[in-house]
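A.B. asks: how does the following fold in three dimensions:
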Amino acid sequence: MTLATPTLHTDRLRLRPFADSDAESLFALHSDPDVMRYWDSPPWTDRARADTFIARCRGMEEDGSGTRTAMERVSDGAFVGWCTVTGWNPDYRSATMGYCLAEGMWGHGYATEAARALLGWAFDTLDLNRVQTEVDTRNPASARVLEKMGFVKEGTLREDCVVNGDVSDSWIFGLLRREWRPSAG
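C.D. replies: This is a model prediction of the structure:
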(Lines give C-alpha, C1' and ligand atoms only; values in the text may rest on other atoms or scores of the structure.)
Protein backbone atom coordinates (compact mmCIF):
# COMPACT_ATOMS: atom_id res chain seq x y z
CA MET A 1 0.00 0.00 0.00
CA THR A 2 1.41 3.38 -0.96
CA LEU A 3 1.08 6.43 1.24
CA ALA A 4 1.33 9.67 -0.70
CA THR A 5 3.50 12.28 0.99
CA PRO A 6 1.25 15.27 1.60
CA THR A 7 1.84 18.89 0.79
CA LEU A 8 0.74 20.91 3.82
CA HIS A 9 0.62 24.65 4.38
CA THR A 10 0.93 26.63 7.60
CA ASP A 11 1.14 30.38 8.06
CA ARG A 12 4.90 30.39 7.51
CA LEU A 13 5.82 26.97 6.11
CA ARG A 14 5.15 24.59 3.28
CA LEU A 15 5.70 20.89 3.96
CA ARG A 16 6.11 18.90 0.76
CA PRO A 17 7.64 15.75 -0.68
CA PHE A 18 11.41 15.82 -1.07
CA ALA A 19 12.77 16.63 -4.54
CA ASP A 20 16.17 15.74 -5.96
CA SER A 21 16.96 19.46 -5.87
CA ASP A 22 16.85 19.34 -2.03
CA ALA A 23 20.00 17.20 -1.86
CA GLU A 24 22.47 20.07 -1.33
CA SER A 25 20.39 21.65 1.46
CA LEU A 26 19.84 18.25 3.03
CA PHE A 27 23.56 17.51 2.98
CA ALA A 28 24.31 20.90 4.55
CA LEU A 29 21.80 20.13 7.31
CA HIS A 30 23.09 16.65 8.12
CA SER A 31 26.77 17.55 7.83
CA ASP A 32 26.46 20.30 10.46
CA PRO A 33 27.97 19.02 13.75
CA ASP A 34 25.80 21.39 15.81
CA VAL A 35 22.60 20.06 14.21
CA MET A 36 23.70 16.45 14.61
CA ARG A 37 25.12 16.65 18.14
CA TYR A 38 22.13 14.83 19.70
CA TRP A 39 21.58 12.31 16.91
CA ASP A 40 22.62 8.69 17.12
CA SER A 41 24.71 9.02 13.98
CA PRO A 42 27.64 11.31 13.17
CA PRO A 43 27.43 14.23 10.74
CA TRP A 44 27.50 13.23 7.11
CA THR A 45 30.76 13.53 5.24
CA ASP A 46 29.62 11.97 1.95
CA ARG A 47 27.26 13.99 -0.28
CA ALA A 48 25.77 10.73 -1.65
CA ARG A 49 24.06 10.23 1.73
CA ALA A 50 21.61 12.99 0.76
CA ASP A 51 20.59 11.13 -2.40
CA THR A 52 20.14 7.93 -0.39
CA PHE A 53 18.03 9.80 2.18
CA ILE A 54 15.74 11.17 -0.54
CA ALA A 55 15.43 7.70 -2.08
CA ARG A 56 14.45 6.31 1.34
CA CYS A 57 11.80 9.01 1.66
CA ARG A 58 10.29 7.76 -1.59
CA GLY A 59 10.64 4.17 -0.36
CA MET A 60 8.62 4.96 2.77
CA GLU A 61 5.94 6.45 0.55
CA GLU A 62 5.93 3.39 -1.72
CA ASP A 63 5.80 0.80 1.07
CA GLY A 64 3.29 2.83 3.09
CA SER A 65 5.36 2.86 6.29
CA GLY A 66 5.38 6.62 6.74
CA THR A 67 6.17 9.98 5.23
CA ARG A 68 8.96 12.51 5.46
CA THR A 69 8.33 16.08 4.33
CA ALA A 70 10.78 18.81 3.43
CA MET A 71 10.04 22.11 5.18
CA GLU A 72 10.48 25.38 3.39
CA ARG A 73 9.71 28.92 4.48
CA VAL A 74 6.85 30.44 2.49
CA SER A 75 8.31 33.97 2.52
CA ASP A 76 11.49 33.11 0.63
CA GLY A 77 11.50 29.37 -0.14
CA ALA A 78 14.42 28.74 2.24
CA PHE A 79 15.01 25.13 3.25
CA VAL A 80 14.15 24.83 6.95
CA GLY A 81 14.59 21.10 7.52
CA TRP A 82 12.31 18.10 7.57
CA CYS A 83 9.51 16.53 9.59
CA THR A 84 8.48 12.88 9.55
CA VAL A 85 5.96 10.32 10.67
CA THR A 86 7.46 6.83 10.33
CA GLY A 87 6.89 3.30 11.51
CA TRP A 88 3.16 3.50 10.89
CA ASN A 89 1.49 0.38 12.28
CA PRO A 90 -2.17 0.28 11.17
CA ASP A 91 -2.92 -2.63 13.52
CA TYR A 92 -1.79 -0.69 16.59
CA ARG A 93 -2.75 2.69 15.05
CA SER A 94 0.65 4.04 16.06
CA ALA A 95 3.62 5.82 14.53
CA THR A 96 6.81 7.66 15.42
CA MET A 97 7.40 11.35 14.77
CA GLY A 98 10.63 13.28 14.26
CA TYR A 99 12.04 16.52 12.89
CA CYS A 100 15.38 18.11 12.06
CA LEU A 101 15.97 21.82 11.44
CA ALA A 102 18.90 23.83 10.19
CA GLU A 103 20.61 25.71 13.01
CA GLY A 104 19.67 29.12 11.58
CA MET A 105 16.01 28.08 11.83
CA TRP A 106 16.08 27.22 15.53
CA GLY A 107 14.12 29.32 18.00
CA HIS A 108 11.49 30.60 15.55
CA GLY A 109 8.73 28.07 16.30
CA TYR A 110 9.15 26.28 12.97
CA ALA A 111 9.51 22.81 14.53
CA THR A 112 6.28 23.20 16.49
CA GLU A 113 4.44 24.65 13.48
CA ALA A 114 5.57 21.89 11.11
CA ALA A 115 5.08 19.04 13.56
CA ARG A 116 1.60 20.27 14.46
CA ALA A 117 0.63 20.35 10.76
CA LEU A 118 2.05 16.90 10.05
CA LEU A 119 0.49 15.43 13.20
CA GLY A 120 -2.92 16.81 12.21
CA TRP A 121 -2.58 15.13 8.83
CA ALA A 122 -1.36 11.87 10.43
CA PHE A 123 -4.10 11.65 13.05
CA ASP A 124 -6.73 12.19 10.35
CA THR A 125 -5.25 10.24 7.43
CA LEU A 126 -3.68 7.32 9.30
CA ASP A 127 -6.35 7.14 12.02
CA LEU A 128 -3.64 7.14 14.67
CA ASN A 129 -4.29 6.54 18.32
CA ARG A 130 -0.69 7.09 19.47
CA VAL A 131 2.42 8.91 18.29
CA GLN A 132 5.73 8.63 20.10
CA THR A 133 9.20 10.04 19.77
CA GLU A 134 12.57 9.99 21.51
CA VAL A 135 14.71 12.96 22.51
CA ASP A 136 18.27 13.00 23.83
CA THR A 137 18.04 14.16 27.45
CA ARG A 138 20.66 16.82 26.70
CA ASN A 139 18.29 18.49 24.22
CA PRO A 140 15.70 20.35 26.32
CA ALA A 141 14.72 22.62 23.40
CA SER A 142 13.36 19.63 21.49
CA ALA A 143 11.56 18.40 24.61
CA ARG A 144 9.86 21.82 24.89
CA VAL A 145 8.64 21.55 21.29
CA LEU A 146 6.97 18.25 22.12
CA GLU A 147 5.45 19.49 25.36
CA LYS A 148 3.94 22.49 23.53
CA MET A 149 2.05 20.01 21.34
CA GLY A 150 0.79 17.99 24.29
CA PHE A 151 3.31 15.15 24.28
CA VAL A 152 3.84 13.59 27.70
CA LYS A 153 7.25 12.46 28.90
CA GLU A 154 6.71 8.77 29.64
CA GLY A 155 10.13 7.60 30.69
CA THR A 156 13.85 7.47 30.12
CA LEU A 157 15.80 4.97 28.07
CA ARG A 158 19.06 4.75 29.97
CA GLU A 159 22.27 4.75 27.94
CA ASP A 160 20.42 3.83 24.76
CA CYS A 161 22.65 5.75 22.33
CA VAL A 162 26.25 6.63 21.75
CA VAL A 163 26.44 10.16 20.37
CA ASN A 164 29.86 11.35 19.22
CA GLY A 165 31.46 8.80 21.51
CA ASP A 166 29.37 9.81 24.53
CA VAL A 167 26.84 7.41 26.01
CA SER A 168 23.51 9.22 26.30
CA ASP A 169 20.01 8.70 27.61
CA SER A 170 16.78 9.42 25.74
CA TRP A 171 13.38 10.52 26.92
CA ILE A 172 10.34 8.80 25.45
CA PHE A 173 7.39 11.09 24.73
CA GLY A 174 3.91 9.95 23.74
CA LEU A 175 0.81 11.69 22.44
CA LEU A 176 -2.59 10.01 22.40
CA ARG A 177 -5.43 10.93 20.06
CA ARG A 178 -7.63 11.94 23.00
CA GLU A 179 -4.90 14.38 24.15
CA TRP A 180 -4.29 15.91 20.72
CA ARG A 181 -5.18 19.59 20.47
CA PRO A 182 -4.33 20.88 16.96
CA SER A 183 -4.14 24.51 18.02
CA ALA A 184 -2.74 24.11 21.56
CA GLY A 185 0.37 25.96 22.74
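A.B. asks: so which bits of the host helix or strand of Asp34 are buried?
C.D. replies: For Asp34, the element it lies in under DSSP states H and E is helix 33-36. By neighbour count with 16 or more other C-beta atoms under 10 Å, helix 33-36 contains the buried residues Val35, Met36. The way it works is simple: take the backbone N, C-alpha and C, and place the C-beta from them, glycine included.
A.B. asks: swap in stretch 70-79?
C.D. replies: Ala70, Met71, Glu72, Phe79.
A.B. asks: closest one of those residues to Ala55?
C.D. replies: Distance to Ala55, by C-beta to C-beta, is smallest for Ala70 among the buried residues of stretch 70-79, at 14.0 Å.
A.B. asks: residues in contact with that closest one?
C.D. replies: Ala70 makes contact with Leu15, Arg16, Pro17, Phe18, Ala19, Asp22, Leu26, Phe79, Gly81, Trp82, according to C-beta atoms under 8 Å, 6 or more residues apart in numbering.
A.B. asks: now the third one, nearest residue through space, not along the chain?
C.D. replies: Just to be clear, that refers to Pro17. The shortest distance from Pro17 to any non-neighbouring residue, by C-beta to C-beta, 6 or more residues apart in numbering, is to Thr5 (4.0 Å).
A.B. asks: quick one: which of the contacts of Ala70 sit in helices?
C.D. replies: Residues from the contacts of Ala70 lying in helices, with DSSP state H as the criterion: Leu26.
A.B. asks: thinking again about what came up before, ok, residues contacting the helix holding Asp34?
C.D. replies: For helix 33-36, using C-beta under 8 Å, 6+ apart, the contacting residues are Leu29, His30, Pro42, Pro43, Cys100, Leu101, Ala102, Glu103.
A.B. asks: rerun at 10 Å
C.D. replies: Helix 33-36 has contacts (C-beta atoms under 10 Å, 6 or more residues apart in numbering) with 28-30, 42-44, 81, 100-103, 105-106, 163-164.
A.B. asks: quick one: Thr69 from Cys57, how far?
C.D. replies: As judged by C-beta to C-beta, to the nearest Å, Thr69 and Cys57 stand 9 Å apart.
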